[in-house]
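[1] Next come a sequence and a model predicted from it.
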Amino acid sequence: MPLYILIQAKQLELGAELTSLKNYQGVSGSEDVYRLLEMANQRVNFLSFRSDLSLVSGVKEILARRPAGVIITSLAYHPQENSNSRLVAGVSLKGVASRREAIMEFVKNLQTEPTFSGINVPVSSFAKDRDIEFSLTFIQNEK
Amino acid sequence: MKNNLPKIWLLILAVAVLAIATADIWFWYLINGANEESSYLRGDIELQVKKNDAAGDLEKLIKDTEAKRQQIDSYFVGVDQTVNFVEYLESLARVAGVNFEITSLGVEQSKDDFKDQIILRGEAAGSWSGLMNFASLLENAPYRLDLADFVINNNEGKRTWEMAVLIKAFQLKK
């Protein structure tokens, strides 16, 4: 009988300990903790996918390849996803060239930049032989 | 009478032995049950301690990463920070020395559950280098923003260039 009473007392003690432990969890709010971590994870995932396409570096590359006699009067830059779901930028340039050869040289120079592709000059740009208003388009790809 | 006394004592003794044996068995049964229950309680306590330890570790992780999580959030426009964001862009224009005017501003609801998209169209005017500086400042702004469309032109051959830009930024949901 004393043994039974002792065991009962111990049982009560264990029950109280369990209740107190359960109460501790209630205060900590582990569901909130998981929600916070989940939110942080979502944000990091979103921020980590950033393209290295850069308008300013693209413009620098264009200007570095511009030969004498070519003046740029307009530049349009339009990033978009291509068929492979990769981000590329469509670049459209307008300008004035002193002669046809200057346009050809400009195009050749642009072709040396590995991130530029699909350089296209409409044939109408070569109609005049001096002070030619030209336009060209190309794609800037990620490095 | 003399002959019955030992029998009565024997009967009493037998009843007493039976009672003691029954009580023993009953207490043994109770003790066994109580022991079993205590063992379950110990198991529950162990499990609860592990749960609490894990919750404690997570809470510590939350506290330790608070500054970093705030830094992550700073790449988004805060819930009520649209005006601050717009003023920040205007301040970049001033730094670059160009005139910048916002022509439209809207928020597009996004499907995901933590951000919406701010869509801002603006026009700027200034020198070529000023506008390029402005573009560079936008690209390197401490916000996650995309220059979704950008046009710069100088059709008149003047020193002042004109720029139109579509900026997409991301705002945390309420």
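    Structure's in. What do you need? Numbering: from 1, shown residues only, chains lettered A, B, ... in the order given.

[2] ranges for the strands of chain A?
    A:70-81, A:87-99, A:116-120, A:130-140 (DSSP state E).

[3] which one of those has the most crowded surroundings?
    strand A:87-99 (a mean of 19; mean count of other Cβ atoms under 10 Å in any protein chain shown). The C-beta positions use only the backbone N, C-alpha and C, and glycine is treated the same way.

[4] What is the distance between stretch A:50-61 and the centre of its chain?
    On the basis of Cα atoms, centre = their mean, to the nearest Å, stretch A:50-61 is displaced by 11 Å from the centre of the chain it belongs to.

[5] no no, stretch A:127-138
    With Cα atoms, centre = their mean as the basis, stretch A:127-138 stands 33 Å off its chain's centre.

[6] just stretch A:18-38 next, same as before
    37 Å.

[7] Including distance to chain B and mean pLDDT, could the strands of chain A go into CSV?
    As requested, the strands of chain A are arranged in CSV below (distance: least, Cβ to the nearest Cβ, whole Å; pLDDT from 0 to 100):
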stretch, distance to chain B, mean pLDDT
strand A:70-81, 4, 93
strand A:87-99, 7, 93
strand A:116-120, 17, 93
strand A:130-140, 10, 92
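
[8] quick one: contacts for the closest residue to A:Q11 other than its chain neighbours?
    Excluding the flanking residues, the one nearest A:Q11 by Cβ to Cβ, 6 or more residues apart in numbering or on different chains is B:S38, at 5.1 Å. By Cβ atoms under 8 Å, 6 or more residues apart in numbering or on different chains, the residues touching B:S38 are A:7, A:10-11, A:14.

[9] Reformat the strands of chain A into CSV and put distance to B:G33 next to each item.
    Compiled in CSV, the strands of chain A are given as follows (distance: least, Cβ to Cβ, whole Å):
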stretch, distance to B:G33
strand A:70-81, 69
strand A:87-99, 69
strand A:116-120, 81
strand A:130-140, 78
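
[10] B:T103: which of those is closest?
    strand A:70-81 (17.0 Å; Cβ to Cβ).

[11] Mind listing the strands the closest one pairs with, and their directions?
    As defined by DSSP bridges, the strand partners of strand A:70-81 come to strand A:87-99 (antiparallel), strand B:145-153 (antiparallel).

[12] If you count contacts, what does the lowest-mean-pLDDT helix or strand in chain A end up packed against?
    Lowest by mean pLDDT, DSSP states H and E among the helices and strands of chain A is helix A:2-28, with a mean of 77. If contacts are counted by 3 or more Cβ pairs under 8 Å, 6 or more residues apart in numbering or on different chains; DSSP states H and E, helix A:2-28 sits against helix B:5-64.

[13] and the angle for the helix it packs on with helix A:2-28?
    20 degrees (axes from the mean of the first three to the mean of the last three Cα atoms, to 10 degrees).

[14] near chain A, anything from whichever helix or strand comes after helix B:5-64?
    Moving toward the C-terminus from helix B:5-64, the next helix or strand (DSSP states H and E) is helix B:66-74. Yes. Applying Cβ under 8 Å from any Cβ of the partner chain, one finds helix B:66-74 touching chain A at B:69, B:72-73.

[15] and chain B, what are its domains?
    Domain segmentation of chain B under automatic domain parsing yields B:1-64, B:76-172.

[16] for chain A, that is, sorry about that
    Split by automatic domain parsing, chain A gives A:2-48, A:55-140.

[17] Low-confidence regions, chain B specifically.
    Scanning chain B for pLDDT under 70 picks out B:1-2, B:155, B:157.

[18] Try it again at 80.
    B:1-3, B:55, B:58-59, B:112, B:155-158, B:174 (pLDDT under 80).

[19] Tell me the bridge partners for the closest residue to chain A within it.
    Here chain B gets closest to chain A at one residue, B:N153, 3.6 Å apart by Cβ to the nearest Cβ. When bridges are called by DSSP bridges, B:N153 pairs up with A:S74, B:E162.

[20] so how far is stretch A:53-68 off the chain centroid?
    19 Å.

[21] Mind checking the pLDDT average for it?
    Stretch A:53-68 carries an average pLDDT of 93.

[22] what does that stretch rub up against?
    A:72, A:75, A:77, A:79, A:87-89, A:91, A:93, A:102, A:105-106, A:109-110, A:112-113, A:115-116, A:140, A:142, B:132, B:135-136, B:139, B:147, B:150.
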